[in-house]
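S.K.: I need the structure of the sequence given here:
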Amino acid sequence: MGKSSAVSGSDMPGLEALIARARADGAAGEGKGLPPVEKWNPDFCGDIDMEIRADGTWFYMGTPIGRKPLVRLFSTILRKDEDGRTYLVTPVEKVGIRVEDAPFLGVEMNVSGSGAAQVLTFRTNVGDVVEAGADHPLRFEIEPENEGLKPYLLVRGRLEALLARPVMYDLVALGEDVEIDGRPMFAVRSKGAVFPILPADQLEAFRS
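M.R.: All right, here's what the predicted structure looks like:
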């Protein structure tokens, strides 16, 4: 009869073993930290019909995964490899998934300190809290379609968070003119690092 609009764990028989192994490896346990996926080298077991959309929503077989704890669980065993693809990884298997843009979405920003002592802390849609800095840099792209600004934060490994538009506006409001390699740049600071957004002479065109 009626089809559920969200996928729960019991609706995903093809993933039950993967979910069980991820939980057994401590991915879901609070206070245990993230599993060491970068150290695991299991065999590639093929792709599964799972996708992370640009707005941060996870889909399995075309249906949104509605259970936040399940999304959080999967997010802890994500890994992006040198081939540019993103995988779910356990000690015994590696399966490929699709990522429309970035695997995470930055949904909140906190600012502490000022000037060179300023620290920008971000929260992702799956609960990661990350301070931007040399180990977690910010980078910025201009969308070719509409010339909109897209900021990304490195969360861990090669996995990034695309900053949501309201967060992006708050971030740009903190920008300042900084000379980098002899060129005036519009940039932001965090934890002593400077992250260029775009050349200062392009700022007015971007704002318009």
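S.K.: Can you pull out the low-pLDDT segments for the protein?
M.R.: Across the chain, the ranges flagged by pLDDT under 70 are 1-15, 17, 21-32, 204-208.
S.K.: Would you map the helices across it?
M.R.: Along the chain, the segments classed as helices by DSSP state H run 16-24, 68-76, 165-172, 203-207.
S.K.: any chance of these in TSV, with distance to M50 and mean neighbour count too?
M.R.: In this view, the C-beta of every residue, glycine as well, is placed from N, C-alpha and C. Output for those, formatted as TSV (distance: least, Cβ to Cβ, whole Å; neighbours: other Cβ atoms under 10 Å):
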stretch	distance to M50	mean neighbour count
helix 16-24	10	15
helix 68-76	8	18
helix 165-172	25	16
helix 203-207	35	11
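S.K.: right, and the ones you listed - which one's nearest V188?
M.R.: Comparing those against V188 with Cβ to Cβ, the closest turns out to be helix 165-172 (6.2 Å).
S.K.: Dump the closest one to CSV, restricted to CA.
M.R.: Coordinates of each C-alpha in helix 165-172 appear next as CSV, following Å, rounded to 0.1, in the frame of the first residue of the first chain:
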residue,chain,number,x,y,z
ARG,A,165,24.7,29.5,2.5
PRO,A,166,23.8,31.3,5.8
VAL,A,167,27.1,30.2,7.2
MET,A,168,28.9,31.4,4.1
TYR,A,169,27.4,34.8,4.5
ASP,A,170,28.5,35.0,8.1
LEU,A,171,32.0,33.9,7.1
VAL,A,172,32.4,36.4,4.3
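S.K.: Residues contacting that helix, please?
M.R.: Defining contact as Cβ atoms under 8 Å, 6 or more residues apart in numbering, one finds that helix 165-172 is touched by 106-109, 120, 122, 138, 149-151, 163, 188, 197.
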